[in-house]
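Peer 1: Sequence first, then the predicted structure:
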Amino acid sequence: MLGTDFTTGSPDWLDLGSPDTDAAARFYGRVFGWDFASAGPDAGGYGFFQQDGETVAALGPLTEEGAHSAWTVYFQTPDAEATAQAAEKGGGTVRAAAFDVMDAGRMAALTDPAGAEFAVWQPGTVKGLERTSRNDTLVWVELHVPDPERVLGFYQGLFGWRWQEMATAGMTYRVLLTAEGEPKDASFGGAAPRQEGMERSMWVPYFMVADADRTSVTVQENGGSVLLPPSDVPEVGRLAWFADPFGAPFAILRPDPNV
């Protein structure tokens, strides 16, 4: 599970691009109990989802031409420009070249060779999310692409990632780990073959919840839709997939307390 002692290649930021930030803030506030705090008058509508005053995610308007509402996972890098150059050489696409976000840090928006969008964050005054792996916060990130083995080689070239294979539900699931550390501490996400019906490759954020079924009801009561109803996964927990009112996919997980 995720922590906040970020290292190269670990997820350190998460934000949502939405066509209606006010409505999105209300939706996630009702689903997860988050507060929304503006980043200020010069931030172009960008702001922070918070829990007890600590940042758990962020929200802003769509800024790229033709963009769809989606969550973007950011991975830590010591040099955003160098990582963007490496991504391009590795067969990826640079959607936004490295640039400074005031004094908060430096970022670049990228797309992997399979079409999954992500970003990188080079910390400045903002080191990353302030709270993870608690109820109603980010706990896991998951990559869905047609050929995970091939695409993970791309990410390994950027961040030095390792992975461990697990046979589950008729497919091979890969648990992702940062370049260093014991597996329990270094694991942060997974990679799975893109399933039939998924329109595109993507990174999907998982948020920890106390009650997956209750959360599913709350999502639907507030205009979201169920993509995968709550179901138990042995030795993992109870999970579900949703889309928010503007179509951005996200997932929830109530971890198995015995794992």
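Peer 2: Arrived safely, thanks for sending. Numbers count the residues shown, from 1 in each chain.
Peer 1: For Leu152, which residues are in contact?
Peer 2: Contact analysis of Leu152 by C-beta atoms under 8 Å, 6 or more residues apart in numbering lists 161, 163, 174, 176, 191. (Each C-beta comes from the backbone N, C-alpha and C, glycine too.)
Peer 1: Am I right that Val56 is in a helix?
Peer 2: No. Applying DSSP: H, G, I helix; E, B strand; the rest coil, one finds Val56 to be strand, outside a helix.
Peer 1: Would you mind measuring from the nearest residue to it once chain neighbours are set aside to Val94?
Peer 2: Computed as C-beta to C-beta, 6 or more residues apart in numbering, the closest residue to Val56 that is not its neighbour in sequence is Thr137, at 4.6 Å. Separation of Thr137 from Val94 (C-beta to C-beta, to the nearest Å) stands at 30 Å.
Peer 1: Comparing these two, which shows the higher neighbour count?
Peer 2: Each of Thr137 and Val94 has its neighbours counted (other C-beta atoms under 10 Å); Thr137 has more, 23 against 16.
Peer 1: Do I have it right that that one meets Asp52?
Peer 2: No. The criterion here is C-beta atoms under 8 Å, and Thr137 misses it with Asp52 at 10.4 Å.
Peer 1: what sits in contact with each of the two?
Peer 2: Taking C-beta under 8 Å, 6+ apart as the contact rule, the neighbours common to Thr137 and Asp52 are Arg131.
Peer 1: Now do Val259, the pLDDT please.
Peer 2: If you check Val259, the pLDDT there is 62.
Peer 1: Revised request: answer the last question for Thr178.
Peer 2: The model's pLDDT for Thr178 equals 97.
Peer 1: And for Gly170?
Peer 2: On the pLDDT scale, Gly170 gets 76.
Peer 1: Same check on Thr63?
Peer 2: The model's pLDDT for Thr63 equals 80.
Peer 1: Next: Asp20.
Peer 2: With respect to pLDDT, Asp20 has a value of 96.
Peer 1: surely it meets Phe246?
Peer 2: Yes. Between Asp20 and Phe246 a contact is recorded at 6.7 Å, counting by C-beta under 8 Å.
Peer 1: quick one, which of these two is more surrounded?
Peer 2: The residue with more neighbours, out of Asp20 and Phe246, is Phe246; 19 against 14, by other C-beta under 10 Å.
Peer 1: If we ignore the residues flanking it in sequence, what's nearest that one?
Peer 2: Ser69 (3.9 Å).
Peer 1: Show me what counts as buried in stretch 115-131.
Peer 2: 116-123, 126-131 (16 or more other C-beta atoms under 10 Å).
Peer 1: Could you check how far the residue nearest to Pro146 when sequence neighbours are not counted is from Pro229?
Peer 2: Once flanking residues are discounted, Pro146 sits nearest to Arg194: 5.2 Å by C-beta to C-beta, 6+ apart. Arg194 is 20 Å from Pro229, where distance means C-beta to C-beta.
Peer 1: quick one, which of these two is more surrounded?
Peer 2: Neighbours per residue (other C-beta under 10 Å) separate Arg194 from Pro229, with Arg194 holding more: 19 against 12.
Peer 1: farthest residue from the center of this structure?
Peer 2: Distance from the C-alpha centroid of the chain peaks at Pro41, with 26.1 Å (C-alpha atoms, centre = their mean).
Peer 1: host element of it?
Peer 2: Assigned by DSSP states H and E, Pro41 belongs to no helix or strand.
Peer 1: mind listing what it touches?
Peer 2: Counted by C-beta under 8 Å, 6+ apart, Pro41 has zero contacts.
Peer 1: how close does it sit to Trp34?
Peer 2: 22 Å.
Peer 1: same question, Gly124
Peer 2: For Gly124, the distance to Trp34 equals 24 Å [C-beta to C-beta].
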